[in-house]
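Visitor: build me a model from this:
(2 chains)
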Amino acid sequence: MTLTDLQAVLPLIVVAGTAVAVMLVISFYRNQTVSAILTLAGLVLAGLCLPFTWALGPHRIEPLLRIDAFANFYIALLLAASFAVTVLSHSYLEKYRMERGEFYILLLLSVLGALVLAASEHFVSFFLGLELLSVSLYVMIGYIFTKEKAVEAAVKYLFLAAATSAFLLFGMALIYAELGTMEFSAVAGLLSGGEGGRSPYILAGTVLIIAGAGFKLSVVPFHMWTPDIYQGAPAPVTAYLATVSKGCVIAVFLRFFAGFDLAANPGLFLCLGAVAAASMVAGNLLALLQNNIKRILAYSSIAHFGYLLVAFLAGGQLGAAAVTFYLVTYFAAALAAFGVVGYLSPTDREADSVDDYRGLFWRRPGPAGLLSIALFSLVGLPLTAGFMGKFFLIGAGTSAELWGLLILLAVSSAIGLYYYLRIVVAMYSSEIDDERKYKGAAAAAVPPFAASVGAVLAVLAVLLVAIGVYPEPVVAFIQTIVESLPGII
Amino acid sequence: MILLLLIAIPIIGGLAAWTAARWSPTAPRWIALGATAIPLVLALSLWGQGSASGGQWIATFDVPWIPAAGIDFHLAIDGLSLLLVLLTYLLGVLSVAVSWNSNENRPGFFFFNLLLILGGTTGVFIALDLFLFFFFWELMVLPMYFLIGIWGHENRNYAAIKFFLFTQASGLLLLIAILGLHFAHFAETGIHTFRYEDLLGTSFPPSLGMGLMLGFFIAFAVKLPAFPFHTWLADAHTEAPTAGSVILAGLLLKTGGYGLLRFVVPIFPEASAVFAPVAMTLGAIGILYGAKLAFAQSDLKRLVAYTSVSHMGFVLIGVFAWNTWAIQGVIVQMIAHGLSTGALFIIAGGIQDRLHTRDMNRMGGFWPHAPRMAALALFFAMASLGLPGLGNFVGEFLVLIGTFQKSIAVAVFATVGIVGATVYSLWIIQRVFHGEAGEATRIADLSVRETVVLSVLVVGLLGLGLYPRSVLQMSEPVASVLQAGAPSEPGVPGEARSDFRFHTFSPTAVHLQHSPPDVPVSIHAEKPVAAGFSASFSSAESDSTVTSGPQSKTHVPFIFP
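Guide: You can find the predicted model right below:
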C-alpha cells in the first residue's frame, strides 16, 4: 500500500474513522445530537476528500478497488444521500426516548460498505462491501424495536439477506472455478469472448450473482421482502434502503457489465429482460392494491428499478449514463418522499396511511408541497427531475430498439400514475368534504419542521426542480464520468 | 423574444397570482387578467407581419438547452401557430372573466393552474424542438388535472384521474416515438438533434416509419379526441369547472389537431398516406358516433362534450385528406370550434351556476325569463350546426371539399354528420329554452360580464364566417409549406391507397393526385376561394364554382351532381 493508494481511498478511510470516533465519543458522552453532528462532519469531510482522489485520475488498488471518475461520482452521490438520511434520522430519533447514538455507528459502517461497492472491481470487495452494508442494516431496520412490525421486518431482512449472500457466494465460486479469476474485467473479457460464454457453470454463476444483486435491488422475482420491510423500518432507514443500498449495487452492476456485450449473450439478455419486464408490471400493479404509503413507495421502487434495467439492457455509454442520471433523480425523489413521511410520523406509529394525508395541502402546504414535488418526479412530470430521467431512460432504450420493453414501460408507468395520484388526490382533497375523515389523522398534530429537516428537504426539492428545468450540467458531467468505466463501449 | 414572453408571462403571472392570494382574495383575478391580456396584445402585434428572413417563420427564439442530448430551446411562430396562440389567449381572457366571481374557494391556486395551462398550450403551439414540444405537451396536463380534480363537480376525482391516465399513457407513447424518430435521424446522419426542421426529411424503413407514425398519431388522437380514444372526454368536460371546460374544449383538443397537422403528416408522409384511409374512416365514425351520443344525453355539458367528438372528426378527416382546401378547413374548423364550443360551455356553466343542475329534463321554458341567454345560445347552436355565415360552416365546408377529392364515401358520411349536428343543436334549444317550464321556472338572465364575454365570441364567429379571408390569408402559406414538407404526397398515396378497398374512390380524384401541377395550382386557386367566401358565403353553389378553379373543373359534377 503506497501513499497514493491511501490518498485514493481517503474518503473510505474518513468514513471508517468517523465510525470509530463516534463509538469512542458515545462511550464517554451519550448525546444523540453530538453523535449526529459528528457523523455529518465525517460525511462532509469524506466528501471534501473527493477532489484529491479525483485529481489522481483512475487509480487501481490491486486487485480489489478501482478509484476512477465513475467511482468518485458514485461515492459523492452515496455520501450526499447518507448525509440527508443522517439529518432525517436525527429528527426522527429525537421523538423516541431511548439510547440512540449507536444508530450512527451502524449507519457509517453501512455507508462504508456502500462506498466499497462503488469502487469495487473484484468479487472479494464486492462481497465484503455487500455484507458490511447488509449486516448494519439488520439492526437499523429493527432499531425502534418498540414499534409494531419493526422486529418482524428486521428478522425477515436478516434471513433473506443471508440466504441471498449464500447465492452470491456460490455464484462467485462457480465462476471462479471455471475461469480462475475474480476480477470483473477479466471475467467479463473471458465471458464475452470465446468458450467461456457457453459454459453452464458460468451461466449458472452469473444468474446466481444476478439473483444476489437483484435481492438488494428488489426486482421481481426477488422483491417479496420489500413492502414488509419498507413498512416496518423507520422512515429514514427506508429512505436509506431505497437509495443508498440500491445505488451502490447499481454501480457494481454497471462496472461488471461495462465490458460485456449483453446483446451477444441472448440467454442472459432474456433473463435480465424478463426481470425488467416483470418488475415494471408487478411493481405497478401490486402498488395499486395498497393503502399504505410506505408500501406504495416500496412497490413503486420495484417498478422504478425495472425501468432502470431497461436502460441498463440498452448498454453502452448511453445506457450507463441514463441509468446513472435516473438514479440521481430517483435518489432525490425517494429521499424527499420518505423524509416527509418520517417527519409527519407520530411516535406510536408511522404516518403511512393514505388517510393521514387527506387535505394536507390546505393545512400544511410545506410538507404537502414537498411530497407533491417528489411524487411528480417519480411520475415523471415536466419541470421535475424525473421527467428528464425518464426521457434519458427511454432514449437509451430506443437507441437499442428495445421496443417491447419500452411499450411495457409506457403502459405500466401509466398504470402506476394511479397510485401516485391517489396520494396527491388525498393531499389536495378539499377540507370541507373530508372534515370527518382527516380529523383523526395523526399528521394534523405534527410540530413545525425542524430547521435541519426543512433545509434538507428544501434542498432536495430545489434539486428536483433545477434538474427538471436545466439538466445540462448534470447530464454533461455524467457523460464524462461514464467514459471512465474500463471497457465501456 | 416575444415568443419567450408569450410563455413566460402566464407562468410568472400564475406564480404571482398564487402568492398574491395571501394578501387579497381579489388580487389573483386581476393578475390573471393581466397575464392573459398582455400576451394577447403581444400576439396581435405579430399579426400581419411577414417573415423577417423571408422564410416560413414570423418570429423565432433559439438557444441551446441541453446540448449534451442535442436539445434546443427553439420556439418559432408561423401563421398556424399564431392563429392558435391568439385563440389561446382570447379564450384565456374569457376564461378568467368567466371565473371572476365563482372561485371563492382558493382563487390563487385556481388561477395559477389556469395560467400554467395557457403557458403550456402556447408552448405546444410554438415549440419547434420535439423534446421541447413534448415538455410543454406534458406540462399542460397536470394543472388541468388539478382544475378538474379540485374545482370540478360531483364526480370530479374519477374524471380527473381518467383524463390524466389517458393523456399520460399516450404521452409516453409520444415520447417513445419522438426518441425513435431522433435515433432514426441519428442513424441516417450521425447528428443528435430534436429540431423539427432537421427531422422533417428523415427517411425510414416502412415498418419503423409506420410504428413511429402510429405513436404520434395515437397521442394526438387521444387529445383530439378521435374515435375510439374519446372516452375520457365526456367525463372530463362534464366535471370540469366552466373555465376548465372552455380551456379543455377550446384549446387542449386543438393541440391534438395541431400535432397531426404539424408533425404526423409532414414527418411521415409515406406512412400517413398508407394510414390515411383508416384515419379518415375513424374520423367519419367519430363525426357520426359523436353526434349520436350527443343526441342521447340528458346532461347539458355532456351533450356539448360529445359534439366536440363530432366536430373534431372533421379535423381528423381534413388532416388526412391533406390538400390545401382540407388543411385550410382544418385550421378554420379548429378556431371556430374553439369559439363556439367555448361559448356553449360558458352558457351551460352559467345555467349550472344558477340551477345547480345540468339535467335537461329539469329545464325548459327559459326563454321568457332569460331572453338574452336564450338568444345567444341559439346563435351558438346555429354556429355549431354549421349555419352559413358563421365560422364553423367555412371550416366544415372546406374540409368536405378537400375530403371529397380523396374519398367520396368519407365526404358523404361526414356530410350526414352535419345533419346530426342540426338535430342535437336544435335539441338543446328545444329542451332548455322552449317547451313547458321545468322544475326551475325562474332563472336569472346573463349578467353584463357574461354578456360581454359571449358577445366577443359572437363577433369572432361572425368575423370568421363572413370574412374568412383574414384567417385564410394567414393559414394559406402554412398549408403550402406543410404540404411541401411532405413532397412525396401527390404521387405515393394514390398508389399506396389503391391497395385499400375504397370503392367509391373517384378515378378522377386519383388522377388529380398524380398530376404534379396540383399542389402549386391549388395554392394559387386558394385566393379566389377566400374572396368567394367573403363575397358570396350564403350560396353554397356559387362558392363551389369559385372554389374548384380552372384546374379542377372536372370535379364540379362530382361535388354537386
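
Visitor: got the confidence number for B:A486?
Guide: If you check B:A486, the pLDDT there is 50.

Visitor: in what helix or strand does the residue lying closest to A:G247 once chain neighbours are set aside lie?
Guide: In space, and not counting its chain neighbours, A:G247 is closest to A:L327: 5.6 Å by CB to CB, 6 or more residues apart in numbering or on different chains. No exception for glycine: its C-beta is placed from N, CA and C like everyone else's. Per DSSP states H and E, A:L327 falls inside helix A:316-344.

Visitor: so which elements touch that helix?
Guide: Packing contacts for helix A:316-344, counted by 3 or more CB pairs under 8 Å, 6 or more residues apart in numbering or on different chains; DSSP states H and E, involve helix A:69-93, helix A:235-242, helix A:244-258, helix A:293-314, helix A:365-379, helix A:385-399, helix A:451-469, helix A:472-483.

Visitor: now do that helix: distance to the chain's middle.
Guide: Its chain's C-alpha centre lies 7 Å from the corresponding centre of helix A:316-344 when counted by CA atoms, centre = their mean, to the nearest Å.

Visitor: can I get the helix or strand following it in CSV, CA atoms only?
Guide: Once the chain leaves helix A:316-344, the next helix or strand it forms, by DSSP H and E, is helix A:360-363. What follows is helix A:360-363, C-alpha atoms only, in CSV (Å, rounded to 0.1, in the frame of the first residue of the first chain):
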residue,chain,number,x,y,z
LEU,A,360,-52.7,18.0,4.0
PHE,A,361,-52.1,20.6,1.3
TRP,A,362,-54.5,23.0,2.8
ARG,A,363,-53.4,22.6,6.4
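
Visitor: with respect to burial, which of the helices and strands packed on helix A:316-344 scores highest?
Guide: Highest mean neighbour count among these (mean count of other CB atoms under 10 Å in any protein chain shown): helix A:235-242, with a mean of 29.

Visitor: and it, how far out from the chain middle?
Guide: 9 Å.

Visitor: quick check: mean pLDDT of it?
Guide: pLDDT averaged over helix A:235-242 gives 93.

Visitor: and it with helix A:244-258, angle?
Guide: 10 degrees (axes from the mean of the first three to the mean of the last three CA atoms, to 10 degrees).

Visitor: ranges for the helices of the stretch 1-150 of chain B?
Guide: Under the criterion DSSP state H, counting those that start in this stretch, the stretch 1-150 of chain B carries helices at the ranges B:2-20, B:27-46, B:79-98, B:107-126, B:130-139, B:141-151.

Visitor: ok, which of the ones you listed comes nearest chain A?
Guide: Nearest of the helices of the stretch 1-150 of chain B to chain A, taken as CB to the nearest CB: helix B:130-139 at 4.5 Å.

Visitor: and the closest one with chain A, contact?
Guide: Yes: using CB under 8 Å from any CB of the partner chain, helix B:130-139 comes into contact with chain A via B:131, B:135-136, B:138-139.

Visitor: filter these to the buried ones?
Guide: Neighbour counting over the residues of helix B:130-139 next to chain A (16 or more other CB atoms under 10 Å in any protein chain shown) leaves B:131, B:135-136, B:138-139 as the buried ones.

Visitor: mind putting those in a markdown table, pLDDT included?
Guide: A markdown table is the format used below for these (pLDDT from 0 to 100):
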| residue | pLDDT |
| --- | --- |
| B:F131 | 92 |
| B:F135 | 92 |
| B:F136 | 93 |
| B:E138 | 89 |
| B:L139 | 89 |
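
Visitor: quick one: which of those residues is nearest A:N284?
Guide: Each of these was checked against A:N284 using CB to CB; the closest is B:E138, at 18.8 Å.

Visitor: is it true that the closest one touches B:G171?
Guide: Yes: using CB atoms under 8 Å, B:E138 is in contact with B:G171, at 5.5 Å.

Visitor: check what pLDDT B:F505 gets.
Guide: Looking at B:F505, the pLDDT reads 35.

Visitor: average pLDDT across the lengthiest helix in chain B?
Guide: Ranked by number of residues, the top helix in chain B under DSSP state H is helix B:156-189. Average pLDDT, helix B:156-189: 89.

Visitor: is chain A within reach of it?
Guide: Yes: Helix B:156-189 reaches chain A (CB under 8 Å from any CB) through B:157, B:160-161, B:164-165, B:168-169, B:172-173, B:175-176, B:179-180, B:182-183, B:186.

Visitor: quickly check: the following helix or strand past that helix near chain A or not.
Guide: The helix or strand immediately downstream of helix B:156-189 is helix B:196-199, counting by DSSP H and E. No: under the criterion of CB under 8 Å from any CB, chain A is not reached by helix B:196-199; the shortest gap measures 14.0 Å.

Visitor: buried ones in stretch B:267-282?
Guide: Quick answer for stretch B:267-282 (16+ other CB under 10 Å): B:267-277, B:279-282.

Visitor: return the distance of it from the chain's centre.
Guide: 19 Å.

Visitor: let me see the contact set for the residue of the stretch 251-400 of chain A found nearest chain B.
Guide: Chain B sits closest to A:T398 of the stretch 251-400 of chain A, with a gap of 4.0 Å, by CB to the nearest CB. Contact analysis of A:T398 by CB atoms under 8 Å, 6 or more residues apart in numbering or on different chains lists A:406, B:176, B:179-180, B:182-183.

Visitor: what does the helix or strand containing A:A282 contact?
Guide: If you go by DSSP H and E, A:A282 is part of helix A:266-288. The contact list for helix A:266-288, computed with CB under 8 Å, 6+ apart, reads A:203, A:206-207, A:210, A:214, A:219-221, A:223, A:227, A:262-263, A:295-296, A:299-307, A:309-310, A:312-313, A:402, A:404-405, A:408-409, A:412-413, A:415-416, A:418-419.

Visitor: which one, of the helices and strands packed on helix A:316-344, ends up nearest to B:L482?
Guide: B:L482 sits nearest to helix A:385-399 of all the helices and strands packed on helix A:316-344, at 26.2 Å, using CB to CB.

Visitor: could I get the average pLDDT for the closest one?
Guide: Mean per-residue pLDDT for helix A:385-399: 92.

Visitor: tell me the confidence at the residue most central in space within chain B?
Guide: Nearest to the mean C-alpha position of chain B, counting by CA atoms, centre = their mean, stands B:K254 at 2.6 Å. Looking at B:K254, its pLDDT is 92.

Visitor: which intervals of the chain have sub-threshold pLDDT?
Guide: Reading this off chain A. A:192-198, A:348, A:430-449, A:489 (pLDDT under 70).

Visitor: oops, chain B please
Guide: Residues of chain B that meet the cut-off, pLDDT under 70, sit at B:48, B:50-55, B:102-104, B:438-441, B:485-561.

Visitor: count of neighbours near B:W23?
Guide: B:W23 is flanked by 8 other residues according to other CB atoms under 10 Å in any protein chain shown.
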